[in-house]
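# coords please:
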Amino acid sequence: MNKAERLWNLRDGVLAWLYELRLEGATIAEAKPAAFMEATSWSGSEVTREEVNAALEWLMEEGYVDGTGTMQRIVLRPKLTPYGEKYAASGKSVRDLPGVAEVQSPYLHIEGSSGVAVAFSSPGATQTVNVRQKVDQARALADAIEQVLPALADEQLRAAGEELVSDIRRESNSDSPSPGRLKTLATAAMTSVATAAGTEVGKVIIEAALPLIS
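Numbering: from 1, shown residues only. Sure thing, here's the model as predicted:
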């Protein structure tokens, strides 16, 4: 991953992380690199404190995040703005521009590659690999939702979860699965079922959905 790609992926990752915290009703005093990497399953080289805070500063400047800046360039008590929350829920990259097709993450993590991020333009790495990875992640999400359905007391919420599982499996088993459609379904899982289901059940769904939208 080159420096520019790392920069944009950090911004997307921090936004997705803050969104997960928002759904969990959690707050942080400061963004810790270790917590960020664990929450987002970061596949690149180790992230520094400076990098995380530089991403937060940019997100603040662009209106995605609120927080208190310090002379040491540390952002205290970062949280999403209403705009940032809506944008994060859309699943779009902060690189997306009006009138431009949705930007997909330009790198993918290949299992067994020792955490190496491989550019799509690299030899042997193709869009097909990325689609297959997204399909696997979507199937894992469907399994996670299905496992927690019995714990949902609300009949309407359970019905919504069952419908979402069907939609995810239908798309992932189609002849031409769409990563964009799978991302939309993952976002729906986070914003509707996970939010309404409560902390513990919701966390299971969020953790399964996050790889599809971050």
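# wait, E30 touches V75, no?
Yes. In this structure E30 lies within contact range of V75 using C-beta atoms under 8 Å: 7.4 Å. (Glycine included, C-beta is placed from N, CA and C.)
# please name the nearest non-neighbouring residue to A140.
Spatially, and ignoring its direct neighbours in sequence, A140 is nearest to A208 (5.6 Å; C-beta to C-beta, 6 or more residues apart in numbering).
# and for the one you found, the neighbour number?
Neighbourhood size, A208 [other C-beta atoms under 10 Å]: 24.
# do you know how far it is from V65?
In this view, A208 and V65 are 25 Å apart by C-beta to C-beta, to the nearest Å.
# next: R169.
35 Å.
# now the helices for the chain?
Remark: helices assigned in the chain by DSSP state H are 3-24, 33-40, 49-61, 82-90, 127-148, 155-172, 179-188, 195-197, 199-213.
# weakest of those helices by average pLDDT?
With a mean of 62, helix 195-197 has the lowest mean pLDDT of the helices of the chain.
# my guess is V75 meets A54, correct?
No. Counting by C-beta under 8 Å, V75 does not reach A54; the two are 9.4 Å apart.
# out of the two, which sits in the busier spot?
Each of V75 and A54 has its neighbours counted (other C-beta under 10 Å); V75 has more, 22 against 17.
# list the contacts of the more buried one.
30-31, 53, 56-57, 60, 65, 67-69 (C-beta atoms under 8 Å, 6 or more residues apart in numbering).
# could you do M190 as well?
By C-beta under 8 Å, 6+ apart, the neighbours of M190 are 19-20, 23, 89, 205-206, 209-210, 213.
# pretty sure L185 contacts E171?
Yes. If you go by C-beta under 8 Å, L185 and E171 touch, sitting 6.7 Å apart.
# residue at max distance from the center of the chain?
Centroid-distance maximum for the chain: M71 at 30.1 Å, with C-alpha atoms, centre = their mean.
# got phi/psi on that residue?
Phi and psi for M71, reported as degrees, to the nearest 10, are phi -60, psi -30.
# how close does the closest residue to K203 other than its chain neighbours sit to L18?
The spatial neighbour of K203 that comes closest, neighbours along the chain excluded (C-beta to C-beta, 6+ apart), is E24 at 6.3 Å. For E24, the distance to L18 equals 11 Å [C-beta to C-beta].
# so if I had to pick from those two, which one is more boxed in?
Per other C-beta under 10 Å, whichever of E24 and L18 has more neighbours is L18, with 27 against 14.
# not counting its neighbours along the chain, what's nearest that one?
Nearest to L18 is L80, by C-beta to C-beta, 6+ apart, at 5.1 Å.
# next, count neighbours for that neighbour.
20.
# correct me, but G69 touches L59?
No. If you go by C-beta under 8 Å, G69 and L59 don't touch, sitting 11.9 Å apart.
# so the two - more neighbours on which side?
Using other C-beta under 10 Å as the criterion, G69 and L59 rank with L59 on top: 26 against 14.
# next, count neighbours for E5.
E5, neighbours per other C-beta under 10 Å, totals 15.
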